[in-house]
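S.K.: okay, predicted coordinates and the sequence, questions at the end:
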Amino acid sequence: MKKFWKGVGLLPGLIFTLSAWAQHGFLQQQLRYPMVQMAYHNKDSLLKAEFAAKGLKWPPRYLYIRSFKYDSQLEVWVKANPEDSFRLFKIYRICALSGTMGPKRMQGDYQVPEGFYYINHFNPRSSYHLSLGLNYPNTSDLLSIQHDSDPGGDIYIHGSCVSRGCIPLTDSQIEELYLLAVYAHDAGQDFIPVHIFPIRFGNPQSENYLSSLNDVNPAARQLWQTLREAYTYFNKAHQLPVIMTDTKGQYVMAVPQPKEIDISQATGGRG
């Protein structure tokens, strides 16, 4: 590290600027952007009041997001400490949908991915009001696609209520979700998991629809089974399962003992 600083020949003024920047948290950095300032002005006090009304500790330190494509819902779960159980904060209505059930496998297919992801990009200058990027394609996606196929990318949860393979919310909703994610990241949550399911398992109408697709999309059956297992586990434990990827790109769920649960391991990321 000393050689690096010596090699680039940083000026004292620049070193001071970098040092001052390092003292600012992620929240303060984000508040430099006008759209985030607007979200903070519109939503901070309201969110704080909602947390208090539901007996939740403010600000959120751990966030978990799960989305249901067919049911057009996005849930936000929160907790204050690693050992705590997640508690449901709010359910948002996804206001547009593109593609159908099944994973995303190529550029331009308008599919919303299905699987285990995490937020890897905060975009405060999005063309879609505000947006939270997902780590698609992850290891499972890359191992599952054909070698000559382009999996595409740039999958976001965003505002503006339009979708070409993303998860769209209204501008008011994305302001809330974006701010919650900023607070969690500011508190040290590097990996905010986002699990995307084809349906809300257990809902009879949704289950019937998914069953009708078994012959149409047989390649997705194993994925849907693992997603079902993860959904069921979380509903019982209110803790995240550990999700791994095998050499063929299939997700494998490992149920840890409570002390072994690590939020960063439940993301299905590139790692």
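M.R.: Structure received.

S.K.: what sits against residue 104?
M.R.: Residue 104 makes contacts with 111-114, 136-137, 141, 151-152, 155, 165, as judged by CB atoms under 8 Å, 6 or more residues apart in numbering. For glycine as for every other residue, the C-beta is placed from the backbone atoms N, C-alpha and C.

S.K.: residue boundaries of the helices in the stretch 151-271 of the chain?
M.R.: All helices of the stretch 151-271 of the chain, identified by DSSP state H, counting those that start in this stretch, fall at 171-186, 204-211, 221-237.

S.K.: first to last residue in stretch 78-87, what's the distance?
M.R.: 5 Å (CA to CA, to the nearest Å).

S.K.: could you do stretch 133-140 as well?
M.R.: With CA to CA, one end of stretch 133-140 sits 17 Å from the other.

S.K.: specify the angle between the longest helix out of those in the chain and helix 171-186 in degrees.
M.R.: Counting residues, the longest helix found in the chain (DSSP state H) is helix 34-53. Interaxial angle of helix 34-53 relative to helix 171-186 (axes from the mean of the first three to the mean of the last three CA atoms, to 10 degrees): 80 degrees.

S.K.: buried residues in helix 34-53, which are they?
M.R.: 35-36, 39-40, 43-44, 47, 51 (16 or more other CB atoms under 10 Å).

S.K.: and for stretch 181-199?
M.R.: 181-187, 189, 191-199.

S.K.: please apply the same query to stretch 113-120.
M.R.: For stretch 113-120, by 16+ other CB under 10 Å, it's 113-120.

S.K.: in strands, which of these fall?
M.R.: 115-120 (DSSP state E).

S.K.: out of those residues, flag the one nearest to residue 161.
M.R.: residue 119 (19.9 Å; CB to CB).

S.K.: and the pLDDT for the closest residue in space to the closest one that isn't next to it in sequence?
M.R.: In this structure, residue 119 finds its nearest non-sequential neighbour in residue 192, 4.3 Å apart by CB to CB, 6 or more residues apart in numbering. pLDDT, residue 192: 98.
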